[in-house]
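# Structure for this input, please:
(2 chains)
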Number of protein chains: 2
Amino acid sequence: MIDVCLLGTGGTMPLPERALTSLLIRFNGKNLLVDCGEGTQVMIRKSGFSLNKIDAILITHFHADHISGIVGLLLSMAKCERTEQIEIIGGKGIESVVRSLCVIAGDLPFEIKYREIESPRQSFKINDLRVETLLLNHSVPCYGYAFHLDRIGKFMPQKAAELGIDPRLWGKLQSGQSVESNGIVCTPDMVLGQPRNGLKITYCTDTRPTPELNDFAKDSDLFICEGMYAEDDKLEKAAVNKHMMFREAAEAAKNANVKKLWLTHFSPSIKDPDEYAEFARSLFENTTIPHDLELETLKYTD
Amino acid sequence: MIDVCLLGTGGTMPLPERALTSLLIRFNGKNLLVDCGEGTQVMIRKSGFSLNKIDAILITHFHADHISGIVGLLLSMAKCERTEQIEIIGGKGIESVVRSLCVIAGDLPFEIKYREIESPRQSFKINDLRVETLLLNHSVPCYGYAFHLDRIGKFMPQKAAELGIDPRLWGKLQSGQSVESNGIVCTPDMVLGQPRNGLKITYCTDTRPTPELNDFAKDSDLFICEGMYAEDDKLEKAAVNKHMMFREAAEAAKNANVKKLWLTHFSPSIKDPDEYAEFARSLFENTTIPHDLELETLKYTD
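Numbering: from 1, shown residues only, chains lettered A, B, ... in the order given. Next up, the predicted model:
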């Protein structure tokens, strides 16, 4: 299972009643943060997650509302006596941008490992989580992230017994490792059923709709997508500034056959996103207009 | 008169219930901001002051809790279509630090004029406000600021009449300008009484106590001073990290003969500063433990 907490739902600038969009993901005891604008560290505190236990920060792009809080967060980690390395992941230049912001940070008591995304579609693992990237269509290079918690098939003890595998080695097989027992090399596929449904979360802001997005978000359990504007008369503005409309996010959700859509990154011009809840659900039924600190635990479905 | 609004009262890091210390000053239609940590722009919005009408930002020093919010504030001003120049004032390197933070800002649609403080004691004017600086004793160069709204003497119409000055020129004399009338050069001192009490606000964080501070804050109507820690067992920590205790701020207030003391920049380790209110007033009677957005209008006393 995966806990997700959408720390904020705003775009462009933090407001008294709406923090900037950023996502916390907790899985198997690991914590990831996606984007870190001004005030994100305060929202982490409000969420009850531990600020100091974040293992990696993934940045979508280098606009201030997605990254300007990173220096404050790193410093607060330092004040909390963090010594563990942290990984910071982002597009080309992530290291120089973070270093530039850290002009006011002095020496941090922990190491920062940078991972620069080098191609539009890339895949890497953070512990058990498989992360995929997609280069979006924004005014600066911007990446969407898809998080996959894959799940191997069910262990079939009768098969392992038939093969004469020592039961003390079954645990290794169950966790996907090969073993050798009584002269037989047994690979997991010999004793595991078909891979079961894992969990997939796709996070996508800021961008215009792209055809690749439908494939990228395909079958997500949760699709978190920007809905910068709700009303059709804002389409031109969205097109110029390379953002998505509610309608466009809903279309992508439909095309990608996702289970659930959370809209986010609301323009400051939207006073109360809840006013558009019915409209949003008329476009894609399983749409949520999340509030800051929206929390959900995604569980395996089989 | 001067309106002051202490936007936050915290030090080190922003907390859900306590914003970072920063001060708004409004006088004669001009607005100054002193320090701008993470979240200050949100507190400006909460205060009801106009974010876009800030004429100058004064930075005490380059620690993140005093400056990291500046890029977000400048960008929000840009989003509000600001085109007027803004002045940013701070110690040596202010321009390069702000430029480094602005790596994520792109081109701003207004000019930034930088004023670098070059000596420990310096004096300059921002419109009618006279600003004095004092180099404090912190772990990095840090400046205190004293703001003086000076006030000329009362205009004496009978003196102007005796001198035969054309009454149409009295207004200029009243505002402190010299005039020539009927062949006589009349300087303001000829028709004005003794200078009247103006207003003085002194803002001082972060520092250890210094002897110069007493003189610097002398006779302030309002002395805003850091009280990082309240309890005596924190003195060693305060000395090492170069901060002030409640007790030390109160002593400075007494020595400087100020009218009123506001403590601020409370350590995150102080859960509820109000618990120390009586203690603080036992040290200096007219002490306030301000809350975020503490607002006061200072008025002339004569």
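# going forward, measure contacts between C-alpha atoms and count neighbours the same way
Noted.
# nearest residue to the residue of chain A found nearest chain B other than its sequence neighbours?
Closest to chain B within chain A is residue A:101: 4.9 Å, counting by C-alpha to the nearest C-alpha. Leaving aside its sequence neighbours, residue A:101 sits nearest to residue B:101 (C-alpha to C-alpha, 6 or more residues apart in numbering or on different chains; 4.9 Å).
# And residue A:131, by the same measure?
Closest to residue A:131 by C-alpha to C-alpha, 6+ apart is residue A:147, at 4.7 Å.
# Could you list the buried residues of the host helix or strand of that neighbour?
Per DSSP states H and E: residue A:147 is located in strand A:143-151. Counting neighbours by 16 or more other C-alpha atoms under 10 Å in any protein chain shown, one finds that the buried residues in strand A:143-151 are A:143, A:144, A:145, A:146, A:147, A:148, A:149, A:151.
# Mind putting these into CSV with pLDDT?
Shown next, in CSV, are the buried residues of strand A:143-151 (pLDDT from 0 to 100):
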residue, pLDDT
A:143, 98
A:144, 98
A:145, 98
A:146, 98
A:147, 98
A:148, 97
A:149, 94
A:151, 89
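# And those residues, which is closest to residue A:30?
Among those, residue A:149 lies closest to residue A:30 (C-alpha to C-alpha), at 12.2 Å.
# Bridge partners for the closest one, pull those for me.
Bridge pairing for residue A:149 (DSSP bridges) gives the partners residue A:129, residue A:199.
# From residue B:255, how far off is it?
As judged by C-alpha to C-alpha, to the nearest Å, residue A:149 and residue B:255 stand 64 Å apart.
# and what of residue A:217?
Residue A:217 is 66 Å from residue B:255, by C-alpha to C-alpha.
# likewise residue A:40?
Taking C-alpha to C-alpha, one finds residue A:40 at 41 Å from residue B:255.
# One more: residue A:227?
Distance from residue A:227 to residue B:255, by C-alpha to C-alpha: 58 Å.
# repeat for residue A:47
45 Å.
# next one: residue A:143
Taken as C-alpha to C-alpha, the span from residue A:143 to residue B:255 is 58 Å.
# I'd guessed the residue of chain A closest to chain B sits against residue B:103; true?
Yes: at 7.4 Å, residue A:101 counts as touching residue B:103 under the criterion of C-alpha atoms under 8 Å.
# more crowded one of the two?
Taking neighbours as other C-alpha atoms under 10 Å in any protein chain shown, residue A:101 and residue B:103 compare with residue A:101 leading, 27 against 19.
# Show residues contacting the helix or strand hosting that one.
Of the helices and strands defined by DSSP H and E, residue A:101 is found in helix A:94-101. If you take C-alpha atoms under 8 Å, 6 or more residues apart in numbering or on different chains as the criterion, helix A:94-101 is touched by A:62, A:68, A:70-71, A:88, A:114-116, B:100-104.
# Got a quick PyMOL command for the buried subset of those?
In PyMOL, selecting the buried portion of the contacts of helix A:94-101, with burial taken from 16+ other C-alpha under 10 Å, looks like this:
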select buried, (chain A and resi 62+68+70+71+88+114+115) or (chain B and resi 100+101+102+103+104)
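# For residue B:182, state which of the contacts of helix A:94-101 is nearest.
The closest of the contacts of helix A:94-101 to residue B:182 turns out to be residue B:102 (C-alpha to C-alpha; 57.4 Å).
# how near is the residue nearest to the closest one when sequence neighbours are not counted to residue B:10?
For residue B:102, ignoring the flanking residues on the chain, the nearest one in space by C-alpha to C-alpha, 6+ apart is residue B:71 at 5.7 Å. Using C-alpha to C-alpha, one gets 20 Å for the distance from residue B:71 to residue B:10.
# ok, now residue A:72?
14 Å.
# can you check residue A:187 too?
Counting by C-alpha to C-alpha - residue A:187 and residue B:10 are separated by 58 Å.
# before we move on, back to that, buried stuff in the helix holding residue A:101?
Neighbour-count burial for helix A:94-101, counted by 16+ other C-alpha under 10 Å, picks out A:94, A:95, A:97, A:98, A:100, A:101.
# orientation of that helix relative to helix B:94-101 in degrees?
With axes from the mean of the first three to the mean of the last three C-alpha atoms, to 10 degrees as the basis, helix A:94-101 and helix B:94-101 are set at 150 degrees to each other.
# list the helices and strands the helix or strand that helix A:94-101 is followed by packs on?
Next along the chain after helix A:94-101, taking DSSP H and E as the criterion, comes strand A:112-116. On a contact count with 3 or more C-alpha pairs under 8 Å, 6 or more residues apart in numbering or on different chains; DSSP states H and E, strand A:112-116 meets strand A:86-90, helix A:94-101.
# one more time with 10 Å
In terms of contacts (3 or more C-alpha pairs under 10 Å, 6 or more residues apart in numbering or on different chains; DSSP states H and E), strand A:112-116 is packed against strand A:56-58, strand A:86-90, helix A:94-101.
# Turn the ones you listed into a markdown table, including mean pLDDT.
Below are the helices and strands packed on strand A:112-116 laid out as a markdown table (pLDDT from 0 to 100):
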| stretch | mean pLDDT |
| --- | --- |
| strand A:56-58 | 98 |
| strand A:86-90 | 98 |
| helix A:94-101 | 98 |
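# nearest to residue A:295, of the ones you listed?
Evaluated with C-alpha to C-alpha, the helices and strands packed on strand A:112-116 place strand A:56-58 nearest to residue A:295, the distance being 18.7 Å.
# Relative to the whole chain's centre, how far out is the closest one?
9 Å (C-alpha atoms, centre = their mean, to the nearest Å).
# check whether that strand contacts chain B.
No: on the criterion C-alpha under 10 Å from any C-alpha of the partner chain, strand A:56-58 is out of touch with chain B, staying 16.1 Å away.
# Other residues contacting the next helix or strand after that strand?
Next in sequence after strand A:56-58, counting helices and strands by DSSP H and E, comes helix A:64-67. Residues from elsewhere that reach helix A:64-67, judged by C-alpha atoms under 10 Å, 6 or more residues apart in numbering or on different chains: A:10-14, A:19-22, A:34-40, A:57-61, A:70, A:97-98, A:101, A:205-206, A:265, B:71-72, B:75, B:101-106.
# Output helix A:64-67 as CSV - backbone C-alpha positions only.
Output of helix A:64-67 as CSV, limited to C-alpha atoms (Å, rounded to 0.1, in the frame of the first residue of the first chain):
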residue,chain,number,x,y,z
ALA,A,64,9.6,29.0,-8.0
ASP,A,65,6.2,27.6,-7.0
HIS,A,66,7.7,24.1,-7.4
ILE,A,67,11.2,24.5,-5.9
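# Could you name the helices and strands sitting against whatever helix or strand comes next after the strand holding residue A:147?
As assigned by DSSP H and E, the chain's next helix or strand after strand A:143-151 is helix A:157-162. Helix A:157-162 sits against helix A:170-174, with contacts defined as 3+ C-alpha pairs under 10 Å, 6+ apart.
# Flag every buried residue along the helix it packs on.
For helix A:170-174, the neighbour count (16+ other C-alpha under 10 Å) marks A:170, A:173, A:174 as buried.
# Let me see the contact set for the residue lying closest to the last one once chain neighbours are set aside.
Which is residue A:174. Closest residue to residue A:174 apart from its sequence neighbours, by C-alpha to C-alpha, 6+ apart: residue A:155 at 5.8 Å. Contacts for residue A:155 (C-alpha under 10 Å, 6+ apart) come out as A:170-171, A:173-176, A:188-194.
# Format these as JSON lines; extra columns: pLDDT and distance to residue B:124.
Converted to JSON lines, these look like this (pLDDT from 0 to 100; distance: C-alpha to C-alpha, whole Å):
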{"residue": "A:170", "pLDDT": "90", "distance to residue B:124": "78"}
{"residue": "A:171", "pLDDT": "90", "distance to residue B:124": "75"}
{"residue": "A:173", "pLDDT": "88", "distance to residue B:124": "75"}
{"residue": "A:174", "pLDDT": "87", "distance to residue B:124": "74"}
{"residue": "A:175", "pLDDT": "83", "distance to residue B:124": "70"}
{"residue": "A:176", "pLDDT": "82", "distance to residue B:124": "71"}
{"residue": "A:188", "pLDDT": "89", "distance to residue B:124": "76"}
{"residue": "A:189", "pLDDT": "89", "distance to residue B:124": "78"}
{"residue": "A:190", "pLDDT": "90", "distance to residue B:124": "81"}
{"residue": "A:191", "pLDDT": "91", "distance to residue B:124": "80"}
{"residue": "A:192", "pLDDT": "91", "distance to residue B:124": "78"}
{"residue": "A:193", "pLDDT": "90", "distance to residue B:124": "78"}
{"residue": "A:194", "pLDDT": "88", "distance to residue B:124": "76"}
